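**Q** sequence and predicted model, in that order:
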Amino acid sequence: MILGAVFERFLAQSPLTVMARATIEHALSASALDALFEATAEHGYTRTLLFSTVVDLMSRVVSGKAQTVQSAYQQQEDQIPVTLKSVYEKLQNIETEVSAELVRHVGGRCHALITQLGGGRPPVLPGRRVRIVDGNHLAATQKRLAVTRGHTAGPRPGQTLAILDPDPMLVTDLIPCEDGHTQERALIDAVVPKVHEGQVWVADRNFCTVEFLSRIDQREAFFVIRRHGNMTVEPDRSGEWTPDGETETGRVSERPVWLCVGGERVLLVRCVRVRLNQPTEDGDSEIEILTNLSVDEADAVKVADVYRGRWAIEGAFHELTVALRCEVRTLGYPKAALFGFAVAVLAYNVLAVLKAALRAVHGVDKVQNEVSGYYVALEWATVYSGMMIAVPDPEWVVFGTMPAEQLAQLLRTWAARINVKKIKKSPPRPPTKKKAERINDSSPHVSTARLLDDAKKNRQAQNRQRKQG
């Protein structure tokens with residue numbers, strides 16, 4: 001394909017940004033987004049403001065190209081045929097089903113690209129498709145809505161359940177809920193239809209109910225879920241703990257147990273006990289993990305390792321918060337806030353494609369240990385606006401209809417031109433050697449310059465004493 005000279009200059013200076021824009025056009029083409037809205041929305045409709053335009057506006061906010069929806073609107077006001085008030089009204093009424101379908105659609109497009117790239121991570125459990133589910137309450141927003149003013153408590157605009165495929169590190173599904181007080185367990189019914197035969201579902205103890213585990217088992221799928229303290233289990237007659245095995249986090253053993261409801265045995269499972277080397281944040285020195293996987297497929301040590309991989313979704317949430325603005329505090333209406341989170345997930349999935357391209361070219365270990373998602377997102381946000389002025393939208397349309405295999409070849413070629421040192425993680429700070437003694441100052445403020453000067457004088461006095469001694 002023939003690319004313009006300006007395009008080539010951006011490719012030479014910031015191949016990451018070019019890769020991001022090409023991936024966006026492929027996974028989030030305007031025509032596909034507008035068609036998705038028309039097919040999914042039950043009450044929403046389009047007159048003048050296209051759904052694809054709203055997605056583009058919000059993507060500018062979550063990726064750091066604009067601080068607020070208003071500033072994003074001002075950047076593109078000449079291209080948007082409605083007022084800012086109309087934009088906000090559109091955001092306030094985007095149905096949660098639309099946000100969920102948006103994530104599913106883009107996740108599928110990104111997964112096809114990563115498959116063609118060959119840039120997935122080593123499988124968590126070879127031969128099985130693993131899914132990790134976890135909840136995330138959106139942070140409290142500013143009290144801009146009249147109903148929130150005067151309250152001392154922070155208004156939470158909702159929560160989500162995110163489903164992560166850990167092999168390509170993609171969020172495949174999102175289950176949004178407008179009620180910020182709803183418990184994760186109340187959303188389990190929405191998870192069950194997404195469970196497919198042969199999958200392995202990994203989750204924390206909040207999802208550990210007899211009904212959920214039984215429904216996974218009935219769908220001929222598997223689970224690796226931490227036992228909740230309220231879950232009643234009864235050891236099987238042959239159920240003695242096996243000898244301990246060793247993992248990186250502690251000693252493991254297992255025994256067969258029955259899940260019980262009202263004194264009735266419901267499901268026979270394996271209970272894997274992990275005696276931790278270091279207690280959890282809650283102070284637990286021992287945890288139990290329930291699974292219906294066979295011993296031949298995953299022994300106790302492997303089950304513990306699979307459960308420990310659940311932290312991958314915590315890393316995804318961290319990257320959504322730090323590298324991307326998944327929680328826009330100025331969006332008080334639940335539907336708008338949840339839509340903002342969904343668009344941040346889209347941006348996260350685009351970053352997942354970029355990392356997959358890097359893994360395919362530079363190696364899994366190098367990308368896993370050295371590449372910073374924050375610096376990848378920072379370069380994308382810094383260069384993107386200028387590139388879109390120099391290389392306008394029409395020049396990117398070709399990537400929207402390009403087959404995934406062809407685009408994957410281009411992404412690999414461009415990834416080879418990336419200087420990984422520019423997006424390298426910062427080394428961890430060494431621990432403080434000595435805890436500073438508390439100093440009770442007589443004033444609420446101190447002069448840093450005077451403190452530095454005093455410290456310098458003290459060092460000089462100590463040096464003189466050493467020389468004299």
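**A** That came through, no problem.
**Q** pretty sure residue 454 sits in a strand.
**A** No. Going by DSSP: H, G, I helix; E, B strand; the rest coil, the assignment for residue 454 is helix, not a strand.
**Q** burial count for it?
**A** 11 (other Cβ atoms under 10 Å). All C-beta spots, glycine's among them, are computed from the backbone N, C-alpha and C.
**Q** so how far is residue 153 from it?
**A** As judged by Cβ to Cβ, to the nearest Å, residue 454 and residue 153 stand 45 Å apart.
**Q** also residue 270?
**A** 43 Å.
**Q** likewise residue 306?
**A** 38 Å.
**Q** what segments of the stretch 201-350 of the chain are strands?
**A** For the stretch 201-350 of the chain, applying DSSP state E, counting those that start in this stretch gives strands covering 222-226, 233-235, 245-246, 250-261, 264-276, 286-291.
**Q** list the pairing partners of the fifth one within its sheet, with orientation.
**A** To tie it back to what came earlier, the one meant is strand 264-276. strand 250-261 (antiparallel), strand 286-291 (antiparallel) (DSSP bridges).
**Q** angle of the last one against strand 222-226?
**A** In this case it means strand 286-291. 170 degrees (axes from the mean of the first three to the mean of the last three Cα atoms, to 10 degrees).
**Q** mind listing residues that contact strand 286-291?
**A** The contact list for strand 286-291 (Cβ atoms under 8 Å, 6 or more residues apart in numbering) reads 208, 213, 222-227, 231, 233, 257, 259, 269-276, 280, 298, 303-304, 307.
**Q** of those, just the buried ones, PyMOL syntax please.
**A** The buried residues among the contacts of strand 286-291 can be selected in PyMOL (16 or more other Cβ atoms under 10 Å) with this line:
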select buried, resi 208+213+222+223+224+225+226+227+231+233+257+259+269+270+271+272+273+274+298+303+304+307
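**Q** among the strands of the stretch 201-350 of the chain, which comes closest to residue 442?
**A** strand 264-276 (46.1 Å; Cβ to Cβ).
**Q** average pLDDT across that closest one?
**A** Strand 264-276 shows a mean pLDDT of 93.
**Q** gap between that strand and the chain center?
**A** Relative to its parent chain, strand 264-276 has a centroid offset of 29 Å by Cα atoms, centre = their mean, to the nearest Å.
**Q** number of residues surrounding residue 385?
**A** 14.
**Q** buried residues in whichever strand or helix holds it, which are they?
**A** Using DSSP states H and E, residue 385 maps to helix 373-390. For helix 373-390, burial by neighbour count (16+ other Cβ under 10 Å) applies to 373, 374, 375, 376, 377, 379, 380, 381, 383, 384, 387, 388.
**Q** in the helix or strand following it, what counts as buried?
**A** Toward the C-terminus, helix 373-390 is succeeded by helix 397-400 as the next helix or strand (DSSP H and E). When neighbours are counted by 16+ other Cβ under 10 Å, the buried residues of helix 397-400 are found to be 399, 400.
**Q** give me the contacts around the next helix-or-strand element following helix 397-400.
**A** Using DSSP H and E, the helix or strand that follows helix 397-400 towards the C-terminus is helix 404-415. With contact meaning Cβ under 8 Å, 6+ apart, helix 404-415 is reached by 11, 15, 18-19, 22-23, 26, 109, 112-113, 115-117, 353-354, 357-358, 360-362, 399.
**Q** using PyMOL, define a selection of the buried residues within those residues.
**A** Buried residues within those, by 16+ other Cβ under 10 Å, are selected in PyMOL with:
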select buried, resi 11+15+18+19+22+23+26+109+112+113+116+117+353+354+357+358+360+361+362+399
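**Q** still on that earlier bit, quick one: which of the strands paired with strand 264-276 is nearest residue 101?
**A** Of all these, strand 286-291 comes closest under Cβ to Cβ, at 31.4 Å.
**Q** can you point out the buried residues in the closest one?
**A** Those would be 287, 288, 289, 290, 291, for strand 286-291 by 16+ other Cβ under 10 Å.
**Q** how about the first one: which residues does it bridge to?
**A** When bridges are assigned using DSSP bridges, the partners listed for residue 287 are residue 274.
**Q** what distance do you get for it to residue 420?
**A** From residue 287 to residue 420 the distance is 37 Å (Cβ to Cβ).
**Q** repeat for the fourth one
**A** Taking Cβ to Cβ as the criterion, residue 290 is separated from residue 420 by 41 Å.
**Q** for the third one, same thing?
**A** Here residue 289 is placed at a distance of 36 Å from residue 420 (Cβ to Cβ).
**Q** and what of the last one?
**A** Relative to residue 420, residue 291 is positioned 38 Å away (criterion: Cβ to Cβ).
**Q** can you show me the strands along the stretch 51-200 of the chain?
**A** Using DSSP E, counting those that start in this stretch, strands in the stretch 51-200 of the chain cover 130-137, 159-165, 170-177, 200-203.
**Q** point out the most buried one among these.
**A** strand 200-203 (a mean of 26; mean count of other Cβ atoms under 10 Å).
**Q** pull up the pairing partners for that strand, direction included.
**A** Sheet partners by DSSP bridges: for strand 200-203, these are strand 130-137 (parallel), strand 222-226 (parallel).
**Q** residue 37 is nearest to which of the ones you listed?
**A** strand 130-137 (24.2 Å).
**Q** that closest one - what's its average pLDDT?
**A** 91.
**Q** ok, and what's touching that strand?
**A** Contacts of strand 130-137 (Cβ under 8 Å, 6+ apart): 123-124, 156, 158-167, 172, 180, 184, 187, 191, 194-195, 199-204, 206-207, 306, 309-310, 312-314, 317, 341.
**Q** how far away is residue 26 from residue 217?
**A** Taking Cβ to Cβ, one finds residue 26 at 38 Å from residue 217.
**Q** next one: residue 6
**A** 57 Å.
**Q** try residue 47
**A** From residue 47 to residue 217 the distance is 48 Å (Cβ to Cβ).
**Q** before we move on, what about residue 286?
**A** Distance from residue 286 to residue 217, by Cβ to Cβ: 25 Å.
**Q** middle-most residue in the protein, spatially?
**A** residue 316 (2.8 Å; Cα atoms, centre = their mean).
**Q** beta partners of the nearest residue to it once chain neighbours are set aside?
**A** Distances taken as Cβ to Cβ, 6 or more residues apart in numbering put residue 164 closest to residue 316, at 5.8 Å, once the chain neighbours are dropped. Beta bridges link residue 164 to residue 132, residue 171, judged by DSSP bridges.
**Q** how about the contacts made by residue 164?
**A** 131, 132, 133, 134, 170, 171, 172, 312, 313, 316.
**Q** ok so, going back, so the residue nearest to the centre of the chain touches residue 348, yeah?
**A** Yes. Residue 316 is within contact range of residue 348, at 6.7 Å (criterion: Cβ atoms under 8 Å).
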